[in-house]
Structure formats: C-alpha cells, structure tokens
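In: Could you work out the structure for the sequence below:
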Amino acid sequence: MADISQHLAELSVQEPPAAEELRTGLVYDPQMQEHVNEVDPSHPERPERVGKMWQALTEGGLVGRCRRVLSREASHEELKLVHSESYLELMAETPQFSPERLITVSRNYNSIFINQATFPAARLAAGCVVELTQQVVASKVKNGAAIVRPPGHHAEAGFCMGFCIFNSVAMAAKVAIERLGLQRVLIVDWDVHHGNATQHMFYDDKRVLYFSLHRYDDGFFFPGQPDADHTFTGGAGAGGYNVNVAWNRARMGDSEYLAAFHHILMPIAYEFNPELVIVSCGFDAALGDPIGHYDVTPAGYAHMTHLLMGLAGGRVVLALEGGYNLSSISSSMCACVAALLGDPLPVLELSPPNDRAVSCIRDTARSHVEFWKSLSVIAQEGEPPSPEPSEDSLSGKATPEERHASFGRSAPQQQATPTAVPTTEVSVSHDQDAPPTASGFVRSQVNMTASQELVVQALEEEGNTVMYAVAPQPWCEHLAMVAPLPAHGIDSTQVCETCGEQREPWICLSCHHVYCGRYINQHMVAHSDSSGHRMVLSLADLSVWCFTCDAYVDNPVVHPAKNALHRSKFGTNMDGSS
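Out: Purely as a prediction, here's the structure:
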C-alpha cells in the first residue's frame, strides 16, 4: 500500500478559502490518546490511531481548510440517553480503581481494556461527536468529521464490548431527535463489524434508519450475533428501518461496497429522506487492515462519502469507529474529509462485484422489498444490474495474488499492515545456479536458522517443492479461544481423527483434536464450522491460522503450543535449547 504521503499527494489540496466558506467541521482532542491498554501495548486499538490520523490531516493541508469544533465531554444526561445508570456509575468509578482491579473489570467484558483514563477519554469521544452533530444541525458547519477514540458502535446500553465504551453515534442520533427536533436520522455503519449496539438501540424506532455493511461470514465474524443477518429488518412498527448487508465468505472491496450503496442504501435513503446522516466511520474494511481483511481503498471511501452528501441537504457527520492499519486509516480519513470539502473525487477503476456480494445484495433487497418500493426491481430481477462478471468472479475464486487462501498451504496475499514485510515466494530448489524468480529467490540465498532448516527439510520430505513466506498478523481477536496445553503436550505424529490421513494434519487450539486440512478431506474445516473453534496449528509447518480472520497469526499466546510441537517434532525448544 502506498504510504500516507503518496495518498496525500493525490488529494486536491487547494488554497484555504475565505473564512465564511469554511463549512466542514473537524473535532479532535489529544487527551483521547490517554486511553491505553497497559497490559498489552501491541493491542490494535492504540492511541496512535487518532494521533497519526490528525497528523496526516494537518500535513495534507486539510485541517487548515476546515473549521475547528471545540472538543468537550458528553454530559451525564447525554450519556443516559443510550446507557443505563448502573453502567455509567460503574464506569465513573474506574478512574479511582487500582491497576489490578481495572484488569479484573476489563475481563468481565468481551474484548475490552480499561485504564484510569478510559472514562474521561470515552466521555470526550462521545461529547465530540454530539457537539459536531449539534453544529451541523444548527448550520454552524455544513458537515464534519470527528477524530475520536475509543470507538462506540458495539457498546450496549448496559455494558461495553469490542473495544467500545460509549456509543457516540447512537448518542448523537438521540440528541438530534429528542433535543434538536429532527424526525428522520440515517445512520450508515461501514465499519467492517456489525454495529450490534446501535441496531439494538433503534430497532423499534422508525425515526432512525440504521444501515450497516459488515463482514458476517454466516455469523462467525465478530460480534458473531445472528441478528446481524439481512433477515433482521426492524421491530414491531419499524419494519424496514434496520438494513443489514451481511457480507459472506468473500473478500469485499470498492466494487462490492459501491454496488451495495447504489442498489440498496441510496434508493432506500432517498425514500426515507433523512434530515441528517451520521456515519459510523470505521476503516477496518480498508485495504491492509489486520483485522478486517477487506480491500476498500481511500478512493472508495471518498466516493461513498460523496454519495451521502447528496442526502439531508449535505448534513453529514463522520465519526471514527474502527480501523487498525495506521497508514490506511489516515489515508482514508484524508480522502473522506477532502470529499466533504468538495474536492474532485479520485478516479476509481471498478470491476464487477463478486458473486458472493451480488448474492448478499439480492438477499437484502428481498428482505426489504415489502418496505421500500425502490427495491422492487432489484428484488424481482434477482440481482443488481452489473456488467457480466468473469467466470472466476461467479465461482467465488480468486488468484493467490488477489486473495488469501482460506486455509492450507496456498499462497497468501500480502497484508499491508504497519509491520508487514513483502510476501515472497521461496523456491526450495537446491540448484545453486538456478536464477531467482520474479517473486522469489532460491533456498541457498535465504539465511535460515537450524530450526528453520529442519522445518524446510521436513516439508520437502512430504513432497512440497514451493513454500510461501508471509508476515503473520501480531494479534487476533480470537486468541481468547486458545486453551491451555494438555498435560501430555502435543504429539507431532498424530493423524486425522476422522479419516486417518497423515498429510496436512492440524490441531485445534481450543479442544486439541486433530483433523486434516482443506486440501485433503477438509475435516478441520468441518470441525471449525460445527464447533466454532477458530484457531488451529499446523503439525506440518508450525503455522497458526485463524479461520474467521482468514490470516496467519503469531502472538505470545500461541507460543507455548508452537514450542510444544517443536519439541515433539525436533527434540528441542524453538530457541534451540533442550
């Protein structure tokens, strides 16, 4: 992925307009960076997310072209609009808790860390989104973006989860309706995760239309709740006001997201005729994100922002949610702010959406056609009109250069994470005179430790002639599924428990059963689907794979299992000691 400077250079940075034309608002406060995971500094929801983003906006000349909105904390009354009194009381006490008690409290929730600065930082994030929304509604600014953390769309009325403490976007929508007198608010959630809490807060309220595009994977992607599916359309008296485009089992990018915009969101939105649009603006569907693993580009986000500006008289508020690749989130927010300012949009070269996306869009249309007349043509035709997709697109397949292999020993796609290194095909040929290939080099040119040499030798003996090297992601939200090792350790000679196959055995890191991989008889795939266990370790090459994240993972949590397997396989620890 190009770095931030390259993306900024592509933006049309114009001369600052006259003061009366500064109509895009920006709100940010560095105090939000004091919310820190003090147990795991490598946690992806880290302070630099907003710091680097603000730096990119400043260096790109975008901050100077906008009107700064003063930051503030949300009031207790504003917080009570969406959260319970008991939850607020608990969170208000956390600044006085000891570090040990904070760790205990954090573990009571799903994917949450809390330090003594969390409560004020979360109040500040919520207050900034509410204040910007009020200024947009009052026409003090035309539109705007809130550079805030911690995120909010997973935070339920009575508890936090998924990195989120207070639901800032839901709070801003409530303020717009109950205090500012608006009748129709559209919330667009393009974070790669479903905004479970936002949906729950407005499920029975037809004054708020909640629209979410999210990775679903048949319910296996976080937050893993069944009501993220397209069939959940709204509560009693509010049918059609909850719209889920639930992406399944394929990698989505600009073509797929814009297809959903053009064929689902925009037709419904024009019928709904909102007075305000608030975006849960997560960038974890961005190209290179270590959690989302989707391919939306900064240009794609700019085009989506531009489409939304045609609604509600241009009253659009972007509120940062997720996104964990510092480069991609910074570039994406810069592209969105440039779009809010009215800069020319970057050119997009789009291919037809993949067949899985077409199916998901069709499913959503069919679930909502009874509520929205504008969807009748799409639902009747069976799929959104688009250019004829390629055979590979219709089969759901992609080349190794385009997509990660779902499982097994196929060439993984390079992930442009902040710490990624280029993916390299490595020939294991012993021919000293063989020239390097365009994407690789011969084994003799690779410096390997003795342990790595043993792994390569073992793989060669199994008939593998080509391997692929990739930098695994350093963290995964499913690491909590890794169970302690059994007393007997790991036996590297185990075979598939279902078919007895010796090739490509994998051990489940939750229950420690062993099954064969995708390219044998797929028994580990079947086990993962039926049990929900996502983390597995290859008995062949010691790699760890997460089915849901569709990625290799290397984190200290899995090192005991890898070390036990290394001892069984080679008689030594991974560091070479005995």
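In: where in this protein is pLDDT low?
Out: 1-22, 379-471 (pLDDT under 70).
In: after the strand ranked longest in the chain comes which helix or strand?
Out: In the chain, with assignment by DSSP state E, the single longest strand is strand 208-215. Moving toward the C-terminus from strand 208-215, the next helix or strand (DSSP states H and E) is strand 242-247.
In: and the very next helix or strand once past that next one, which residues are buried?
Out: Of the helices and strands lying after strand 242-247 in sequence (DSSP H and E), the nearest is helix 254-260. Within helix 254-260, the residues that qualify as buried by neighbour count (16 or more other Cβ atoms under 10 Å) are D254, S255, E256, Y257, L258, A259, A260. C-beta coordinates here come from the backbone N, C-alpha and C atoms, glycine included.
In: quick one, phi/psi of the residue lying closest to D491 once chain neighbours are set aside?
Out: Sequence neighbours aside, S568 is the residue nearest to D491 in space, at 5.8 Å (criterion: Cβ to Cβ, 6 or more residues apart in numbering). In terms of degrees, to the nearest 10, the main-chain angles of S568 are phi -70, psi -40.
In: shouldn't S568 be in contact with I490?
Out: Yes: assessed by Cβ atoms under 8 Å, S568 is found in contact with I490 at 5.6 Å.
In: What helices and strands are in contact with the longest strand of the chain?
Out: Under the contact criterion of 3 or more Cβ pairs under 8 Å, 6 or more residues apart in numbering; DSSP states H and E, strand 208-215 touches strand 185-189, helix 196-202, strand 242-247, helix 266-272.
In: can you pull the buried residues of the last one?
Out: So that's helix 266-272. Buried residues in helix 266-272, counted by 16+ other Cβ under 10 Å: M266, P267, I268, A269, F272.
In: if I pick the third one, what's in contact with it?
Out: What that stands for is I268. By Cβ atoms under 8 Å, 6 or more residues apart in numbering, the contact list for I268 reads L209, F211, G240, V243, H368, W372, S374, L375.
In: Please work out how many residues are found near the fourth one.
Out: By that I understand V243. V243 has 30 neighbours, counted by other Cβ atoms under 10 Å.
In: Tell me who's in contact with it.
Out: L209, Y210, F211, S212, T233, I264, L265, I268, T364, H368.
In: One more pass at 7 Å, please.
Out: Residues near V243 by Cβ atoms under 7 Å, 6 or more residues apart in numbering: Y210, F211, I264, I268, T364, H368.
In: Nearest spatial neighbour of the second one, chain-adjacent residues omitted?
Out: Looking back up the chat, that one is F211. Nearest one to F211, counting by Cβ to Cβ, 6+ apart, is V243 at 4.5 Å.
In: Which of the three states applies to the nearest residue to M266 once chain neighbours are set aside?
Out: The spatial neighbour of M266 that comes closest, neighbours along the chain excluded (Cβ to Cβ, 6+ apart), is L307 at 6.2 Å. Recorded secondary structure, L307: helix (DSSP: H, G, I helix; E, B strand; the rest coil).
In: between S568 and I490, who's got more neighbours?
Out: Taking neighbours as other Cβ under 10 Å, S568 and I490 compare with I490 leading, 23 against 16.
In: Please report how far the more buried one lies from V525.
Out: 20 Å (Cβ to Cβ, to the nearest Å).
In: again with N273
Out: Counting by Cβ to Cβ - N273 and V525 are separated by 46 Å.
In: When these two are compared, which one has more neighbours?
Out: V525 (19 against 12).
In: And the more buried one, how far from Y519?
Out: For V525, the distance to Y519 - Cβ to Cβ - is 10 Å.
In: Same check on E501?
Out: Taken as Cβ to Cβ, the span from E501 to Y519 is 11 Å.
In: Who has more neighbours out of those two?
Out: Using other Cβ under 10 Å as the criterion, E501 and Y519 rank with E501 on top: 16 against 13.
In: list the contacts for the more buried one?
Out: E501 makes contact with V495, C516, I520, N521, according to Cβ under 7 Å, 6+ apart.
In: With adjacent residues omitted, what lies nearest to the last one?
Out: Nearest non-adjacent residue to N521, counting by Cβ to Cβ, 6+ apart: C499, 5.2 Å away.
In: Quick check: the one you found touching Q522?
Out: No: checked against Cβ atoms under 7 Å, the pair C499 and Q522 is beyond contact range at 10.0 Å.
In: Between the two, tell me which one has more neighbours.
Out: Q522 (18 against 13).
In: distance of the residue lying closest to that one once chain neighbours are set aside from A155?
Out: Distances taken as Cβ to Cβ, 6+ apart put C516 closest to Q522, at 7.4 Å, once the chain neighbours are dropped. Here C516 is placed at a distance of 41 Å from A155 (Cβ to Cβ).
In: Neighbour count: these two, which is higher?
Out: A155 (32 against 24).
In: Contact partners for the more buried one?
Out: Taking Cβ under 7 Å, 6+ apart, one finds M161, C164, I165, F166, N167, A197 in contact with A155.
In: send the alpha carbons of the strand or helix carrying Q134 over as CSV?
Out: Using DSSP H and E, Q134 sits in helix 118-137. Extracted as CSV, the C-alpha positions of helix 118-137 are listed here (Å, rounded to 0.1, in the frame of the first residue of the first chain):
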residue,chain,number,x,y,z
THR,A,118,-10.7,5.4,29.9
PHE,A,119,-13.8,7.0,31.4
PRO,A,120,-12.8,10.6,30.6
ALA,A,121,-11.5,9.6,27.1
ALA,A,122,-14.7,7.9,26.3
ARG,A,123,-16.8,10.8,27.6
LEU,A,124,-14.7,13.1,25.4
ALA,A,125,-15.1,10.9,22.3
ALA,A,126,-18.9,10.9,22.8
GLY,A,127,-19.1,14.6,23.6
CYS,A,128,-17.1,15.5,20.4
VAL,A,129,-19.5,13.5,18.2
VAL,A,130,-22.5,15.1,19.9
GLU,A,131,-21.1,18.6,19.7
LEU,A,132,-20.2,18.3,16.0
THR,A,133,-23.7,16.9,15.3
GLN,A,134,-25.3,19.8,17.0
GLN,A,135,-23.2,22.3,15.0
VAL,A,136,-24.1,20.5,11.7
VAL,A,137,-27.8,20.6,12.6
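In: what's around the closest residue to H478 other than its chain neighbours, how many residues?
Out: Leaving aside its sequence neighbours, H478 sits nearest to R534 (Cβ to Cβ, 6+ apart; 4.5 Å). By other Cβ under 10 Å, the residues close to R534 number 23.
In: Just send the contacts of E501 back as a markdown table, with secondary structure and distance to L542 too.
Out: Below are those laid out as a markdown table (DSSP: H, G, I helix; E, B strand; the rest coil; distance: Cβ to Cβ, whole Å):
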| residue | secondary structure | distance to L542 |
| --- | --- | --- |
| V495 | coil | 17 |
| C516 | strand | 17 |
| I520 | coil | 18 |
| N521 | coil | 22 |
